[in-house]
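Q: here's my sequence, what's the structure:
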Amino acid sequence: MERFNKTLKKLRFQLNAAIIGRAVISALIVFLLALHVYFIAWLGFGAHNRVLPYVNISLRTGTVLIAFYLILSANNALLSRLQVARWMDLKIDHQDDLYQNLIELKEQGEDEAIVDVLAIQAQKRVQEGNYKPPRWFKAAQVFTILFFLAGLGVMWGLSSQNFVLALRQFYSNTPQSIDYKKTIDVSPGSVTIGKGEELVISVLDADPRLTHRLFFRYGTAWRELGMGDNRYRFASLEDDIEYYVANEVAKSDTFRVKCLDEPYVRRWEVRYQYPPHTGLPARTDTLSLGNIEAYRHTVVNLNIHTNIPVKTAQMRFADGKTLDLQGDGNSFSLQIRVDQPTTWHLELNDALGRRNRPEEKSIQVLADLPPEVKILFPGEDTTLDQRMKLPLIISANDDFGLKDLSLRYHINDSPVQEVKIKSIIPSKVHNQDYLFDLKPFDLFPGDRVTYWAQVWDNSPDRQKAESARYVARFPSIAEIYEEIQRQESLKTSELQQSLEQTRDLQKEFEQKRRELLKEPDPSWQDKKQLEDILQQQEELAENVDNIAQDFQDLIDRLHNNEALSAETLQKMQKIQELMEEISNDELRAAMDKFQDALENMNPQDLLKAMEEFKFSMEDFAQRIDQTLQLLESIKKEQAVEKALQISQEIEKSQAALKDKTADSKQNPQSLAADQDNIRERYDELKKELENLSKMLDPQRDKEVMQQLQDLMQDMKQSRPEDDMSSSAQSMRQNRPQSSMQSQSAALEKMRRFTMKLGEMKESMGGGSQREISQAMQTAIRELLIFSKNHESLHGRLGDDPFPIMQELIAQYDGLQILVNKLFATPQMTLFVPPKFYMDLSDTNRAYRDIFINVSEMQYYRLPEHMKTIQKGLNLMVYDLMQALNDSSSGGGGGGMESLMQMLQQMGQEQMAMQMLTQQLMMQLQQQGGRMDAAMQQQIQKLAADQQRLADNLKRALQNDPEAQKQGNAIKQIIEEAEAVARQLRSNQLNQDLLRRQENIISRLLDAQRSINKRDTTQKRKGETAQQQFPQQRGEIDLQELRRAALLDDSYKSLPPAYQQLIIKYLRYLSDTGL
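A: Below you'll find the model as predicted:
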């Protein structure tokens, strides 16, 4: 038993020693791991980091706790004797638990014999079995432990110095005091380098134990960079920086690196001092970047400002010449004189020895340009009129100055002559109005005057300029009349075409109207056709307006040429006014009404509008036809006028040639050519007289025909052409005395012919006047008969109109026959006043209204229409009587002047009434739309004044022939004024009322302009042409009316309160610029 106990004891010791050994080794490994963790923290945080002591304490505490835990666990795991026996039973399992039973029996005090027997068996079994204790660690665990220890050893060996320091600090938990370098020396410090160059920053004599870092900034924010090998390299530095180097112990000073650009000029200043003759002030140019542009001999001061300080600055020219600029730092200057163009570049050298990039600059010499001169007006070849005055507008300019402006010319092939216009010209740009008077040159028809302008500049080189050359040709009377006849033929053809189109359009319209009478409900196709007809009529009206305007231009040219007599020009002006009346307001009103009816498509309204439009189209065609007849009727007068003018021209030219022949300085060959020219024009006169003889009517123009035959017989017998040929031949033979005798004979004969042509003209005018007077007297007698018969019919009108309808229709047809017969008289339209047409139109409209009312059984309106007819017949008689008196008395300009004064006074009164109306409207708005008694009284006074203005215009239209010539315009003013008066009597104040009042003012101004235009036409003479500029007549008249309104009696009669309102209103208009 004892031997077994020893064996058991030994085995127990071995097993428990293994448990204790594993615990100790594990605790040791934990300690090594904690030490390594501390070493890593020491490396990471640094030896002097405040966190490190806490890490140390934590690791120590953890290590002790873990080791205590491991030892305590090992102690608890120690095996007892019974546990060792059990281990032995399990080691070699005999299925009898011998060792455990032995120990339990021994401890229980069982029989010793049994115990001994079991002890012997147990000992035997121990000796036979292999009860070797297990190893402390398995092979894999041993390998792991060895690998772990080897790894730690390697890592600690590689940083042995640091590990030793860390181990000491781990042991003492106190950092070891280390002496570091307290300063940092940096290279290169503060430095200046070129932009884009390399920069290396390094730490001199760096402490290897410390980590150095580079801090730098461009602006305000610092940036950090690591310094490998205690240096850092900027490959290409572009901007200025500040930098310093720092480590754990120290920080260097802050240094500045300045990066300099390549030197260049930041600002150029070129100051020019021009030569005195240019008159230019000195100026400074900062935008040319050194490029110099100046006139020759200009002194140039060149100033430059560089981006960086430079040492030297030089101008290097293309020919190799150099000039040094004076200055230092950033500013340099130089003065040079511009003599010739060249190129150069600026060379700059800075403190680093660098040069700027060369940029080529130029010096350009500006040319002193020659002057320019143009003839702006007429600016083309022209034809002279009889006034022989050519207005010119000459424009000249030069870059510095002008002088000696002249007009050069030559007549035909004569030598060039010159007229000085202006010698001293103070400005560089000069516009000159000049009237070139050609009368002193005694031009013959066909002569050509070539002219041009010439001017010099004020430079010492005396440069001159000439304008383009133009030709002014003096036409003959025959050429002037050919142009007149061509224009008249063109306008006649256009009017004839318009008349034909109008008649075709009438037929188409009448057919469509008859279709709608049968089928009153129009279709879409009907509407489209009617719109097309309306559109065509509008185009025809516009064409006639254009023809009237072109005819007015022709009349203006005739006035300038003085080719026609005043009587013929007045007739042509009357024709032009008739052309303007073709497309009158009544036609346009009918077209507007027709357009409205087409838009509404009411069958009944459409038929009425078509009926009115039909009559308007008839009036339109009739007026065109009358105008055509009138144009045809004045051709004979124009032919006589043309022959008379040609004869007078020949007489004048022959007299001028005689005076030249008496001058011995004249060229005989040139005089002979002039005589041949006169002979050719005499042949033209004979042809014109032959054409005139074909135009005359043997019955109507019997007296003129006889005078023409006598004249032609005289010309045939006297043969002045032989005298002209003899004169030309004598001049070519240089026999001036003989030539002058022939010229005197020819001149005497031409004077006789001219006198006879003048008598023919008077005879033709007198015959036409007598025929017109007879036709007017006949029409007056017949109209009086019509008036008397109509008065009888009116008295017989009862509730049933049919008993008198037959006679009424016959009376209407008779009136149309009377009118057609009246206007069949040539040139009757020239003498019938416009008021006659208005009264005739009202009468015809009344007849048509009667026929329409009867067809619609509206008998209650017949008496009113009958009165209108009676009134119209009487007024037509009155109109013709006035026209007859005017034709016999000849009229005058006093009527125009009195009518103009009346219209001006009415315009002032209307302006005052409009201003008062506006003030009353403003007061009405302030009172919330309520009228007091005083306001109503003032409105009624305004209504009376407005009606008085309309009544005055009615009286003028009835009695004043000049007012009747403005019949349509004045009638519209009357209608507007009466409409305003009706609104005012109803106490209506609104914007429509103001609009009507403005229309009245506008129409009054238009009437004044029309009268002024006609008066100017009648009084126009051949005067010197002057340059005139258009004025805003309407605005001027309105301002004058506003001022004159304050002096009007109607204004003075207003209450003081209203006068103050008008004053306030006028001030408001003045302040606002209205």
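Q: quick check: chain neighbours aside, which residue is closest to Pro736?
A: Here the nearest residue to Pro736 in space, its sequence neighbours aside, is Thr661; by Cβ to Cβ, 6 or more residues apart in numbering that works out to 5.4 Å. From N, CA and C alone the C-beta is placed, and that goes for glycine too.
Q: sorry, that was for Tyr451
A: Tyr409 (3.9 Å).
Q: what sits against that neighbour?
A: 416-419, 436, 449-452 (Cβ atoms under 8 Å, 6 or more residues apart in numbering).
Q: columns distance to Leu530 on top of the residues you listed, output as JSON lines?
A: Supplementary listing: the contacts of Tyr409 in JSON lines, determined by distance: Cβ to Cβ, whole Å:
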{"residue": "Val416", "distance to Leu530": "69"}
{"residue": "Gln417", "distance to Leu530": "69"}
{"residue": "Glu418", "distance to Leu530": "69"}
{"residue": "Val419", "distance to Leu530": "66"}
{"residue": "Phe436", "distance to Leu530": "58"}
{"residue": "Val449", "distance to Leu530": "59"}
{"residue": "Thr450", "distance to Leu530": "60"}
{"residue": "Tyr451", "distance to Leu530": "60"}
{"residue": "Trp452", "distance to Leu530": "61"}
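Q: neighbour count added to these, as JSON lines?
A: Shown next, in JSON lines, are the contacts of Tyr409 (neighbours: other Cβ atoms under 10 Å):
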{"residue": "Val416", "neighbour count": "11"}
{"residue": "Gln417", "neighbour count": "12"}
{"residue": "Glu418", "neighbour count": "11"}
{"residue": "Val419", "neighbour count": "12"}
{"residue": "Phe436", "neighbour count": "17"}
{"residue": "Val449", "neighbour count": "22"}
{"residue": "Thr450", "neighbour count": "18"}
{"residue": "Tyr451", "neighbour count": "22"}
{"residue": "Trp452", "neighbour count": "18"}
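Q: so where's the stretch 701-850 of the chain shaky on pLDDT?
A: Along the stretch 701-850 of the chain, segments meeting pLDDT under 70 span 765-767.
Q: just the CA trace of stretch 985-1001, in PDB.
A: Extracted as PDB, the C-alpha positions of stretch 985-1001 are listed here (Å, rounded to 0.1, in the frame of the first residue of the first chain):
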ATOM      1  CA  ARG A 985     -77.800 120.200 -74.300                       C
ATOM      2  CA  SER A 986     -78.400 116.700 -72.800                       C
ATOM      3  CA  ASN A 987     -75.800 117.400 -70.100                       C
ATOM      4  CA  GLN A 988     -73.500 114.700 -71.400                       C
ATOM      5  CA  LEU A 989     -69.800 115.000 -70.500                       C
ATOM      6  CA  ASN A 990     -67.700 112.000 -71.700                       C
ATOM      7  CA  GLN A 991     -64.600 111.100 -73.700                       C
ATOM      8  CA  ASP A 992     -66.600 110.900 -76.900                       C
ATOM      9  CA  LEU A 993     -67.500 114.500 -76.500                       C
ATOM     10  CA  LEU A 994     -63.900 115.500 -76.200                       C
ATOM     11  CA  ARG A 995     -62.900 113.400 -79.200                       C
ATOM     12  CA  ARG A 996     -65.500 115.200 -81.300                       C
ATOM     13  CA  GLN A 997     -64.200 118.600 -80.200                       C
ATOM     14  CA  GLU A 998     -60.700 117.500 -81.100                       C
ATOM     15  CA  ASN A 999     -61.900 116.500 -84.500                       C
ATOM     16  CA  ILE A1000     -63.400 119.900 -85.000                       C
ATOM     17  CA  ILE A1001     -60.100 121.600 -84.200                       C
END
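Q: what mean pLDDT does that stretch have?
A: In this model, stretch 985-1001 has an average pLDDT of 86.
Q: list the buried residues for it?
A: Buried residues in stretch 985-1001, defined by neighbour count with 16 or more other Cβ atoms under 10 Å: 989, 993, 996-997, 999-1001.
Q: again with stretch 303-314
A: Neighbour-count burial for stretch 303-314 flags 303-304, 306-308, 310, 313-314 (criterion: 16+ other Cβ under 10 Å).
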